[in-house]
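Novice: return a 3D structure for these sequence lines:
(one chain, ligands or ions: 2)
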Amino acid sequence: MKTLVVGVGGVTNGGKSTLSNSLHQQIPNSCLIAQDAYFKDDSVVPVDSNGFKQYDMLDALHMDTMMSEVDSWRRDPEVFLRRRGLNPERTTPPKDEEVYVLIVEGFLIFNHRPLNDLFYKRYLMEIPYDVCKRRRSSRVYTPPDPPGYFDGHVWPMYLKNRQEMESSVSGIVFLDGLKPKEELLADVYEDKLGISLQDPSRKNTTTNLILCISFAEKD
Ligand SMILES: Nc1ncnc2c1ncn2[C@@H]1O[C@H](COP(=O)(O)OP(=O)(O)OP(=O)(O)O)[C@@H](O)[C@H]1O
Ligand SMILES: [Mg+2]
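Specialist: Ligands and ions are numbered 1, 2, ... in the order given. Just a heads-up that it's a prediction; the model follows:
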């Protein structure tokens, strides 16, 4: 059995969850872990001098709990898959060459060293300030963004976190989040995972086989 961990990071509303969910649906024997599920309770997230909750930093997240979940997948991806109500798809070639893929998505996945060290592929979704602000304003978060939160906390923290990340992380594949969703998915497949979504012969088994080859080339 081969295993590989793929990271989809980037700015808020860049399209991380959208792309990751599509990848998860397309890639057989894949699981998805989203960083957003690990935010600490609002009552323990500190407030800055302007009254803005400091959500956009690693301290606001239960990263240890998230890492435990990732480690659980690494110990036994098949059991992990079953625990999520999914059945492993059997393929030819036989079991020891099967590929299990973990997709990890979130806005600070590359800033947490122990997690970043695990990635086989790192994708980073980018969109410009104005698009990001517009997309974010059309969403309702829990808790909701207070007035001025985007410019007072979200965007400055994005720039800070991104600078820190880029100073220490290499091998990032940048994705233009302005592209249509289908095109982004096809880009990841065609350019990075080696399969065309337009290929009418595409089957789950084929995907799995190509992931095998791609993984083997790295060794
Ligand atoms: N390629 C795209 N083109 C246009 N709109 C998109 C695209 N991808 C996602 N969106 C839209 O942008 C919004 C944010 O998408 P999504 O939730 O996938 O982003 P995210 O990066 O996971 O955001 P969050 O910061 O909330 O985690 C949604 O309304 C989604 O429909
Ligand atoms: Mg998301």
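Novice: mind giving me the packing neighbours of the helix or strand hosting V5?
Specialist: Assigned by DSSP states H and E, V5 falls within strand 2-10. In terms of contact count using 3 or more C-beta pairs under 8 Å, 6 or more residues apart in numbering; DSSP states H and E, strand 2-10 is assigned the packing partners helix 16-26, helix 63-75, strand 99-105, strand 121-126, helix 204-218. (Each C-beta comes from the backbone N, C-alpha and C, glycine too.)
Novice: distance from the chain centre to it, please.
Specialist: Between the mean C-alpha location of strand 2-10 and the chain-wide mean there is a distance of 7 Å, by C-alpha atoms, centre = their mean, to the nearest Å.
Novice: pairing partners for that strand, with directions?
Specialist: Paired neighbours of strand 2-10 in the sheet (DSSP bridges): strand 99-105 (parallel), strand 121-126 (parallel).
Novice: what does the average pLDDT come to for it?
Specialist: For strand 2-10, the mean pLDDT works out to 94.
Novice: what residues does this structure have near ligand 1?
Specialist: The interface of the chain toward ligand 1, taken as C-beta under 6 Å from any ligand atom, is made up of 12-18, 36, 107, 135, 177, 179-181, 184.
Novice: and for V99, the neighbour number?
Specialist: Using other C-beta atoms under 10 Å, V99 is surrounded by 24 other residues.
Novice: S167 versus that one, what's the distance?
Specialist: Taken as C-beta to C-beta, to the nearest Å, the spacing of V99 relative to S167 amounts to 32 Å.
Novice: now swap in V6 and tell me
Specialist: Applying C-beta to C-beta to V6 and S167 gives a distance of 23 Å.
Novice: pick out whichever of these two has more residues nearby.
Specialist: When V6 and S167 are compared on other C-beta under 10 Å, the one with more neighbours turns out to be V6, at 24 against 7.
Novice: contacting residues for the closest residue to the more buried one other than its chain neighbours?
Specialist: Among residues not flanking V6 along the chain, K121 sits closest, at 4.7 Å (C-beta to C-beta, 6 or more residues apart in numbering). Under the criterion of C-beta atoms under 8 Å, 6 or more residues apart in numbering, the contact partners of K121 comprise 4, 6-7, 173, 192.
Novice: can you pull the residues of this structure lying near ligand 2?
Specialist: Proximity of the chain to ligand 2 (C-beta under 5 Å from the ion) is limited to residues 16-17.
Novice: residue at max distance from the center of the chain?
Specialist: Most distant residue from the mean C-alpha position of the chain: S49, 31.5 Å away (C-alpha atoms, centre = their mean).
Novice: please identify the helix or strand for that residue.
Specialist: Secondary structure (DSSP H and E) places S49 outside all helices and strands.
Novice: what about it, distance to ligand 1?
Specialist: 25 Å (C-beta to the nearest ligand atom, to the nearest Å).
Novice: now swap in S72 and tell me
Specialist: Using C-beta to the nearest ligand atom, one obtains 23 Å as the distance from S72 to ligand 1.
Novice: identify the bridge partners of the most centrally placed residue in the chain.
Specialist: Central residue of the chain (C-alpha atoms, centre = their mean): E105, 1.9 Å from the mean position. For E105, the beta-bridge assignment (DSSP bridges) gives partners V8, A34.
Novice: is it correct that it is in contact with G14?
Specialist: No. The criterion here is C-beta atoms under 8 Å, and E105 misses it with G14 at 10.2 Å.
Novice: out of the strands paired with strand 2-10, deepest packed?
Specialist: Sort the strands paired with strand 2-10 by mean neighbour count, taking mean count of other C-beta atoms under 10 Å, and strand 99-105 sits at the top with a mean of 25.
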